[in-house]
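Visitor: my questions concern the predicted model and sequence given below.
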Amino acid sequence: MKTCEYCGKEIDYNHAFCDDECEQNTFNYYKNRKRWQGLFSGGNILGIISCLIGLVVGVISKNVKLGLLITGSGILVIGILYLVLPYYGLDEQIKKKGIISTTKTVRMLGAVGLLTGLVCVICGIIVPFK
Ligand SMILES: [Zn+2]
């Protein structure tokens, strides 16, 4: 059975989407994906670099507090990116379940990242490491 790329509902083989709204929404989704690609990639790289720097600082210089702060900020940035720009990462799921459900999953992962980052940063601030 063929499914609508946007909402994931089953449709017959003569159609690509269930209605004009789904077609328009799909168009907007890919338009947004293209528009924010640069910002997303840049932010992602920045976040990953922060995570690595934080790890290096925490492990090599044994400054756990600073390490947690830097790594936590990195995870926080990546989480926010996925939450605000949920257009990337799960193309396989789009084919199977549609854009709506995929966007939800990506946002959820973003929220988890955001919370994890927040916990790291807060620990870095309040836990009195030596
Ligand atoms: Zn649809």
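Guide: Cool, got the structure. Keep in mind that this is a model prediction, so the values were computed, not measured.
Visitor: quick check: G8 touching Q93?
Guide: No. Assessed by CB atoms under 8 Å, G8 is found out of contact with Q93, at 9.7 Å. To be clear about C-beta, it is placed using only N, CA and C from the backbone, and glycine gets the same treatment.
Visitor: hey, what's in contact with both of the two?
Guide: S101 (CB atoms under 8 Å, 6 or more residues apart in numbering).
Visitor: so for the two, which sits in the more crowded spot?
Guide: G8 (19 against 16; other CB atoms under 10 Å).
Visitor: other SSEs contacting the host helix or strand of K34?
Guide: Element membership for K34, per DSSP states H and E: helix 20-60. Using 3 or more CB pairs under 8 Å, 6 or more residues apart in numbering; DSSP states H and E, the elements in contact with helix 20-60 are helix 64-84, helix 99-126.
Visitor: middle-most residue in the protein, spatially?
Guide: For the chain, Y82 is the residue whose C-alpha lies nearest the centre (CA atoms, centre = their mean; 2.3 Å).
Visitor: from the ion, how far out is the closest residue to that one other than its chain neighbours?
Guide: Excluding the flanking residues, the one nearest Y82 by CB to CB, 6 or more residues apart in numbering is G110, at 3.1 Å. From G110 over to the ion the distance is 24 Å, taken as CB to the ion, to the nearest Å.
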